[in-house]
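Give the three-dimensional model of this entry:
(one chain, ligands or ions: 1)
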Amino acid sequence: MTENSPIPVTILSGFLGAGKSTLLSHILKHADRRYAVIVNDFGEINIDTELVAEYSCESIDLSNGCICCSVQGSLLSTLNKLKERENPPEYLIIECSGVAEPFNLATVFLGHAIRPHFRLDGILGLADASAFFELNEGEHRELFWNQLGAASFVLLTKTDLVSPEQLRQVREAISQELPKAPTLEVAQGEIPPSLILDSRIFDEVSLPQPSKNLHLGNYQSWNFQTEQPLSISVLQKQVKKLSNHALRLKGVLHVKERPGERALLQVAGRRTSLERLPLVDSQAKISKVVAIGRVGSINTEALQACFEGMIAPS
Ligand SMILES: [Zn+2]
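Here you go, the predicted structure:
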């Protein structure tokens with residue numbers, strides 16, 4: 001890259017639980033250049049920066065607000081700092097919060113002051129194939145389609161969780177709604193990064209403009225943090241109940257019985273999963289959990305009681 005060429009930028013967008021951080025991990029695992037990632041979380045605690053900690057990239061945490069609106073100022077100052085570096089990153093990936101409108105974020109890169117330094121390469125709109133019809137018919141429909149409508153590529157994720165017939169129906173629904181959007185399928189975040197990055201696919205002219213900002217004030221978050229280790233047996237027992245209390249929940253947990261690792265807890269819709277993650281030496285052993293949902297849809301008292309009950313007796 002010559003000194004003056006703008007840094008390419010890819011935006012990862014998609015509704016809560018679409019698989020953005022799985023895809024980001026996959027890209028970073030196969031990194032062939034110096035990436036910087038900006039990870040935006042709507043809640044006060046950023047779980048996804050914990051997840052990228054094991055990869056050698058620079059991660060910048062923009063939490064406690066949505067990158068397309070409330071923390072846009074912090075994004076601009078982050079971009080200014082990045083470009084002034086002696087050794088700026090070769091590629092920038094921005095992972096939006098699950099409620100962000102990528103259109104609003106894209107406009108940041110169309111500004112005169114930013115354009116000479118950053119080139120928006122593409123917007124990846126992720127859609128969970130297994131949750132597709134629920135989102136398409138539910139209360140989040142408009143935001144869901146606004147997110148996909150701004151995408152340069154639609155990435156259908158979790159295709160391994162649906163039947164070939166369901167997948168066909170999902171593809172058909174997308175091509176009806178977005179006839180021009182190239183759609184790619186991804187199972188377990190596995191897609192060659194070269195297919196979706198540095199593609200020069202972003203087209204300013206075809207960027208649709210949503211009529212209103214749909215999420216401001218519509219979503220709330222709840223979070224929990226503790227330095228005390230959790231008990232694995234209580235955790236395993238409680239995990240199944242969590243989806244009753246929040247649409248989307250994500251946590252990195254430290255469990256007493258497994259001191260050398262972390263547990264990644266995820267709730268997306270009715271699906272709950274608990275995975276093992278390596279423990280990164282430099283990280284403090286703090287368990288962090290964030291839940292996001294429509295205002296009034298998170299049972300914060302139940303969640304609080306649930307996680308406090310998981311703390312292992314010392
Ligand atoms: Zn926003």
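
okay, CA-based contacts and neighbour counts for the rest of this
Fine.

where along the stretch 1-150 of the chain do the strands fall?
Taking DSSP state E, counting those that start in this stretch, the strands of the stretch 1-150 of the chain run over residues 7-14, 35-40, 58-62, 91-95, 118-128.

Tell me which of the ones you listed lies nearest to A181.
Across those, A181 has its closest neighbour in strand 118-128 (9.9 Å, CA to CA).

phi, psi of P278?
Here the main-chain torsion angles of P278 (degrees, to the nearest 10) amount to phi -70, psi 150.

Can you say which of the strands of the stretch 1-150 of the chain is nearest to K158?
The closest of those to K158 is strand 118-128. By CA to CA, the value is 5.8 Å.

For D160, the count of nearby residues, please.
The number of residues packed near D160 is 14, by other CA atoms under 10 Å.

same thing with the one 3 residues further on?
Other residues near S163 come to 12 when the count uses other CA under 10 Å.

In contact with it, which residues?
Contacts here follow CA atoms under 8 Å, 6 or more residues apart in numbering; on that basis S163 touches nothing.

Would you confirm that G65 contacts V39?
No: the pair G65 / V39 is not scored as a contact, 11.3 Å apart, by CA atoms under 8 Å.

Which one's more surrounded, those two?
The neighbour count for G65 versus V39, taken as other CA under 10 Å, is higher for V39 (24 against 19).

need the residues of the stretch 1-150 of the chain near the ion, please.
Within the stretch 1-150 of the chain, the positions adjacent to the ion are C66, C68, C69, A100 by CA under 5 Å from the ion.

In CSV, list the strands of the stretch 1-150 of the chain along with mean pLDDT.
Listed next are the strands of the stretch 1-150 of the chain as CSV, based on pLDDT from 0 to 100:
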stretch, mean pLDDT
strand 7-14, 96
strand 35-40, 93
strand 58-62, 87
strand 91-95, 96
strand 118-128, 96
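
returning to what we had before: and the furthest pair within the residues of the stretch 1-150 of the chain next to the ion?
Pairwise over those, using CA to CA, the maximum falls at C69 and A100, 8.0 Å.

In terms of packing, which of the two has more residues around it?
Taking other CA under 10 Å, C69 and A100 do not tie; A100 has more neighbours (30 against 16).

List the contacts of the lowest-mean-pLDDT helix or strand in the chain.
Using mean pLDDT, DSSP states H and E, the weakest-scoring helix or strand in the chain turns out to be helix 48-51, at a mean of 79. Counting by CA under 8 Å, 6+ apart, the neighbours of helix 48-51 from elsewhere in the structure are S21, S25, V39, D41, S59, I60, D61, V252.

Over to stretch 60-74?
Residues outside stretch 60-74 that contact it (CA under 8 Å, 6+ apart) are 36-46, 49, 75, 96-97, 99-102, 104-105.

Kindly recompute the last result at 10 Å.
Counting contacts by CA atoms under 10 Å, 6 or more residues apart in numbering, the residues outside stretch 60-74 that touch it are 36-50, 75, 78-80, 94-108, 213, 215-216, 221.

Flag every buried residue along that stretch.
The neighbour-count check on stretch 60-74 (16 or more other CA atoms under 10 Å) flags D61, L62, S63, N64, G65, C66, I67, C68, C69, V71, Q72 as buried.
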